[in-house]
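Participant: Sequence first, predicted model second:
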Amino acid sequence: MTELLGYAASIFVALSLVMVSLVKLRIINLIGCLFFVAYGVLIQAWPIVATNGFIVCVNVYYLIRMFRQDTSSFQYAQLRAEEADLVVRFLREKYGDMRRFYPLFAEKMINYAFSGNGLVYGAFRRNRLNGISVLLRLDNLLEYAPRFWTGDDAEQPEGVLELSSESHAASGAGTPGDRGFESQDEGMGNKGDSNAPESETAASSDTNAQFIQILRAVGERKPPESTVLMPADYLVAKYRDLGVVGKFHKRLLADLPQGIDHVVCPVNRSDLGTRRYFQRNGYEKLVSIGEVTVFELDVRHLRAVGMG
């Protein structure tokens, strides 16, 4: 029995170290340390008791601080094209983590949304960007079948913006009043995305093919003109599990334009946490293709109960 307690303690402590969420890390580590305290008492190893008892106190202290954070100070705002550089800086730091949860997300999708083909939302705390959500029009995606993971932009429609200050200034797109699903500005041209991460610049025909397959599968099941794809709904690890994600998501859904009745989101089939989150929030499994499961939310149900 004593040996099993020691093994359990080791497993919990080791498991805590692979957690991305700081809340989960500290909770699981706290459990492991409590087991180690009990284990140390049983074998009368007082250094183990003292060390892990101290770590228990540290974990409790920081967990209390985390849950006392004023998350009500978060502001959720729809971003404009001239704010694209802010998004780029955020993606430079968080791109890899975002792809862990949303395997079909690509930086070029930000360009695509800012050019009138979707919406980009930001979660701010103390004027610092801590999360983004992206919505793309399904009908437009099906029509143009853009290649988001290669340097080949030939299939992009005219007007897709480059994520740089110069292109935004030249285009004049994204004035403060221009938010929402709007027509594309003709004649802006498309110079590609020179700022794309290395992992994105390499051609990935498999990813492109899978993405098109998913789009077509969704288009067969949902009306494209009233459906949006949400390739990312991301918040930094520091604020996960504190209720902020839910608030961010509800704000985004409440701001959807009239006529948009369905939101679909592809997630990794192995990402059980994100899958459970969508299921708890009214999403249903629509289709699975390869390692990706697409979840769908009927926004009409939310509007019917006054949440839209």
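Facilitator: Nice, thanks for sending it over. Numbering: from 1, shown residues only.
Participant: For this protein, name the helix or strand with the lowest mean pLDDT.
Facilitator: helix 165-171 (a mean of 33; mean pLDDT, DSSP states H and E).
Participant: if I pick A14, what's in contact with it?
Facilitator: By C-beta atoms under 8 Å, 6 or more residues apart in numbering, the residues touching A14 are G32. In short, each C-beta sits where N, CA and C put it, glycine included.
Participant: Next: the one 10 residues further on.
Facilitator: Counting by C-beta under 8 Å, 6+ apart, K24 touches S16, D241.
Participant: Output stretch 114-124 in CSV, but only the C-alpha positions, please.
Facilitator: Backbone C-alpha positions of stretch 114-124 (Å, rounded to 0.1, in the frame of the first residue of the first chain) are rendered in CSV as follows:
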residue,chain,number,x,y,z
PHE,A,114,-9.4,41.1,-42.6
SER,A,115,-10.0,41.3,-46.4
GLY,A,116,-13.8,41.1,-45.9
ASN,A,117,-14.1,37.3,-45.8
GLY,A,118,-14.6,36.9,-42.0
LEU,A,119,-14.1,38.3,-38.5
VAL,A,120,-11.2,38.5,-36.1
TYR,A,121,-11.9,39.0,-32.4
GLY,A,122,-9.4,39.8,-29.6
ALA,A,123,-9.5,39.2,-25.9
PHE,A,124,-7.7,42.1,-24.1
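Participant: tell me the mean pLDDT over that stretch?
Facilitator: For stretch 114-124, mean pLDDT is 90.
Participant: For this protein, which segments count as strands?
Facilitator: 75-78, 118-125, 128-137, 227-235, 262-268, 284-289, 292-298 (DSSP state E).
Participant: In terms of mean pLDDT, which of those strands ranks lowest?
Facilitator: Lowest mean pLDDT within the strands of the chain: strand 75-78, at a mean of 86.
Participant: and that strand, what does it pack onto?
Facilitator: strand 118-125, helix 244-254 (3 or more C-beta pairs under 8 Å, 6 or more residues apart in numbering; DSSP states H and E).
Participant: Next, the residues that contact that strand from outside, please.
Facilitator: In contact with strand 75-78 (C-beta under 8 Å, 6+ apart) are residues 119-125, 179-180, 247-248, 251-252, 255.
Participant: Quick check on those: which are buried?
Facilitator: Among those, the ones that count as buried by 16 or more other C-beta atoms under 10 Å are 119-125, 179, 247-248, 251-252, 255.
Participant: Would you mind giving those residues as a markdown table with distance to R221 added?
Facilitator: Putting the buried ones among the contacts of strand 75-78 into a markdown table (distance: C-beta to C-beta, whole Å) gives the following:
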| residue | distance to R221 |
| --- | --- |
| L119 | 22 |
| V120 | 25 |
| Y121 | 25 |
| G122 | 30 |
| A123 | 30 |
| F124 | 35 |
| R125 | 37 |
| R179 | 29 |
| K247 | 29 |
| F248 | 27 |
| R251 | 27 |
| L252 | 22 |
| D255 | 25 |
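Participant: Understood, closing this out.
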